[in-house]
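K.L.:
Fold the following for me, if possible:
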Amino acid sequence: MAGPVFDTHCHLTIGELAADADAVWDRARDSGVEGAVVIGIDAATSKDVVEFVANRDHLWGTVGVHPNETAKATESDWETIQQLATCDKIVALGETGLDRYWDDAPLATQIASLRRHATFAIEIDLPIVLHLRDAFQPAIETLEPFAARGLRAVVHCFTGTEHDLRPFLDWGWMISYSGILTYSGATALRAAAAATPLEQCLIETDAPWLAPAPHKSQDRNEPAFVVHTARRLAKVKQLPFDELAAATTANARRFFRLG
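P.N.:
Below you'll find the model as predicted:
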């Protein structure tokens with residue numbers, strides 16, 4: 001058994017994992033996963049997250065509206081998010097952000113939602129979980145004023161370059177690496193990971209998507225597989241696995257204020 005590792009971003013209440021989420025989580029624990037953060041993507045799934053993590057040990061949650069869901073979100077949905085954010089074991093808002101790859105919502109709508117999440121996060125002293133895809137520059141322009149006001153954030157499933165990293169590192173934000181780090185073609189991403197200070201590194205699965213290289217051909221990813229990302233990041237950082245695992249777990253606990 002490897003560990004302790006911490007999956008900072010997974011979806012156990014939607015998609016393929018929802019039907020057997022408890023068995024999935026049991027496998028993760030048996031594999032050395034110390035804890036995980038379960039992510040909401042809209043008002044309905046955020047409610048599910050709150051209910052799912054409430055009575056399960058070693059699990060925490062987030063509530064928010066994914067950028068690809070912003071065109072469908074109503075004012076009532078946002079009020080629901082605000083109410084859910086005060087629930088026990090909710091440790092961040094999100095995932096929020098900007099996505100210009102799928103382009104499911106106008107960029108202006110996504111930016112407005114991102115600003116709303118950032119403003120509320122500062123008000124209630126929670127961090128935000130950022131989804132950024134093909135959108136680093138507009139995100140930096142949008143978020144810089146909030147960073148200056150003390151907003152805390154993690155860029156989840158980072159896929160950019162060393163150049164893209166710089167503003168987020170300068171703001172003291174966290175960078176989370178997923179199974180993509182293990183892919184043979186991810187040379188530039190591994191260079192970015194090498195340039196990320198260890199104290200700003202997190203790891204994740206984004207399960208049920210983005211299975212790491214040993215499981216890439218499988219239909220779904222699971223939190224148990226986060227160990228493969230940890231091993232690859234340890235290799236990139238030229239650190240013993242146990243040291244990398246302990247550091248990223250401590251980072252997760254510090255960032256999400258888990259004690």
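K.L.:
Leaving out sequence neighbours, find the closest residue to residue 228.
P.N.:
residue 212 (3.8 Å; Cβ to Cβ, 6 or more residues apart in numbering). To be clear about C-beta, it is placed using only N, CA and C from the backbone, and glycine gets the same treatment.
K.L.:
cool, residue 169 as well?
P.N.:
For residue 169, the closest residue by Cβ to Cβ, 6+ apart turns out to be residue 200, at 6.2 Å.
K.L.:
That neighbour against residue 251, yeah?
P.N.:
Yes: contact between residue 200 and residue 251 holds when scored by Cβ atoms under 8 Å: they sit 7.4 Å apart.
K.L.:
So which of those two has more stuff around it?
P.N.:
The neighbour comparison of residue 200 against residue 251 (other Cβ atoms under 10 Å) goes to residue 251, with 21 against 18.
K.L.:
secondary structure class for the more buried one?
P.N.:
Using DSSP: H, G, I helix; E, B strand; the rest coil, the structure places residue 251 in helix.
K.L.:
Next, work out how far apart it and residue 185 are.
P.N.:
Distance, residue 251 to residue 185, by Cβ to Cβ, to the nearest Å: 27 Å.
K.L.:
quick one, helices of the stretch 1-150 of the chain?
P.N.:
For the stretch 1-150 of the chain, applying DSSP state H, counting those that start in this stretch gives helices covering 21-30, 43-54, 75-84, 107-124, 136-148.
K.L.:
I'd like the ones you listed laid out as a markdown table, including distance to residue 14 and mean pLDDT.
P.N.:
Below are the helices of the stretch 1-150 of the chain laid out as a markdown table (distance: least, Cβ to Cβ, whole Å; pLDDT from 0 to 100):
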| stretch | distance to residue 14 | mean pLDDT |
| --- | --- | --- |
| helix 21-30 | 10 | 98 |
| helix 43-54 | 5 | 98 |
| helix 75-84 | 16 | 99 |
| helix 107-124 | 19 | 99 |
| helix 136-148 | 24 | 99 |
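K.L.:
Could you export these as TSV, including distance to residue 155 and mean neighbour count?
P.N.:
Output for the helices of the stretch 1-150 of the chain, formatted as TSV (distance: least, Cβ to Cβ, whole Å; neighbours: other Cβ atoms under 10 Å):
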stretch	distance to residue 155	mean neighbour count
helix 21-30	23	17
helix 43-54	20	20
helix 75-84	20	15
helix 107-124	13	18
helix 136-148	9	16
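K.L.:
Export those helices as JSON lines, with columns for distance to residue 154.
P.N.:
Below are the helices of the stretch 1-150 of the chain laid out as JSON lines (distance: least, Cβ to Cβ, whole Å):
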{"stretch": "helix 21-30", "distance to residue 154": "20"}
{"stretch": "helix 43-54", "distance to residue 154": "17"}
{"stretch": "helix 75-84", "distance to residue 154": "18"}
{"stretch": "helix 107-124", "distance to residue 154": "12"}
{"stretch": "helix 136-148", "distance to residue 154": "12"}
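K.L.:
Among those helices, which comes closest to residue 244?
P.N.:
helix 21-30 (18.0 Å; Cβ to Cβ).
K.L.:
Give me the below-cutoff pLDDT ranges for the chain.
P.N.:
For the chain, applying pLDDT under 70 flags the ranges 1-3.
K.L.:
And the strands in it?
P.N.:
Taking DSSP state E to define them, one finds strands in the chain at 5-10, 33-38, 59-63, 90-99, 128-133, 153-155, 174-177, 201-203.
K.L.:
deepest of the ones you listed, which one?
P.N.:
strand 5-10 (a mean of 29; mean count of other Cβ atoms under 10 Å).
K.L.:
Correct me if wrong: residue 206 contacts residue 223.
P.N.:
No: Residue 206 is not in contact with residue 223 according to Cβ under 8 Å; the separation is 10.1 Å.
K.L.:
which residues are in contact with both of those two?
P.N.:
Residues within reach of residue 206 and of residue 223 at once, by Cβ atoms under 8 Å, 6 or more residues apart in numbering, are residue 10.
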